[in-house]
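K.L.:
Just need the structure, nothing else, for what follows:
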Amino acid sequence: MNVLRSEKIESAAIEAEPNHAAVSEVEAGIREFVRNDVSYLRRPMSANGSEPALDPNAEATVTNVNSLIQRVAGTSLAEIENLISELETLRDLLHAEGQRVQREISGYAQLSQAAMKSTRMIADNVAQWKRAADGLRNS
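P.N.:
Take a look at the predicted model:
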């Protein structure tokens with residue numbers, strides 16, 4: 001729409017100017033530039049008609065770009081898989097260490113309870129000996 005409007009304005013300006021040949025030359029140059037600029041939009045279609053047909057150089061370029069993307073993506077995916085594997089290994093290690101620490105704490109708690117029972121028994125025995133010794137002295 002804008003192109004038609006600008007062409008009407010340009011043609012009106014051309015008619016008003018005395019130097020028609022120079023203006024026509026410039027106008028022809030602009031039209032040729034626009035045609036060349038949008039010519040990629042008018043590429044021939046492929047055999048099935050669904051997409052534009054590519055020339056062999058373009059197809060080779062697309063193939064090269066696709067293989068590059070696959071290599072980069074493959075490397076990234078391999079790194080991600082390695083990281084996942086390492087994280088799973090660390091998770092298993094932390095789980096095993098957590099269980100070991102719980103066993104150690106449980107062992108220390110049992111040892112502490114046994115030590116307290118032994119200390120009470122010793123204290124009770126010492127108290128009995130002290131009473132017996134006090135009873136012998138008093139008699």
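K.L.:
switch to C-alpha atoms for all contacts and neighbour counts from now on
P.N.:
Noted.
K.L.:
Could you pick out the longest helix of this protein?
P.N.:
The longest helix of the chain (DSSP state H) is helix 56-138.
K.L.:
From the contact counts, what lies against it?
P.N.:
Contacting helix 56-138 under the criterion 3 or more CA pairs under 8 Å, 6 or more residues apart in numbering; DSSP states H and E is no other helix or strand.
K.L.:
From the recorded domain assignment, give the ranges for the chain.
P.N.:
Taking automatic domain parsing as the domain assignment, the record places the domains of the chain at 1-42, 61-126.
K.L.:
Now the host helix or strand of residue 25: average pLDDT?
P.N.:
Assigned by DSSP states H and E, residue 25 belongs to helix 20-37. Mean pLDDT, helix 20-37: 70.
K.L.:
next one: stretch 108-120
P.N.:
97.
K.L.:
Give me the contact list for that stretch.
P.N.:
Residues from elsewhere that reach stretch 108-120 (CA atoms under 8 Å, 6 or more residues apart in numbering): none.
K.L.:
Export it to CSV, keeping only CA atoms.
P.N.:
Coordinates of each C-alpha in stretch 108-120 appear next as CSV, following Å, rounded to 0.1, in the frame of the first residue of the first chain:
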residue,chain,number,x,y,z
TYR,A,108,28.0,-43.4,71.2
ALA,A,109,24.6,-43.0,72.8
GLN,A,110,24.6,-46.7,73.9
LEU,A,111,28.2,-46.3,75.1
SER,A,112,27.2,-43.2,77.1
GLN,A,113,24.2,-45.0,78.7
ALA,A,114,26.4,-47.9,79.6
ALA,A,115,29.0,-45.6,81.1
MET,A,116,26.3,-43.8,83.1
LYS,A,117,24.9,-47.1,84.4
SER,A,118,28.4,-48.2,85.4
THR,A,119,29.1,-44.9,87.1
ARG,A,120,25.9,-45.2,89.1
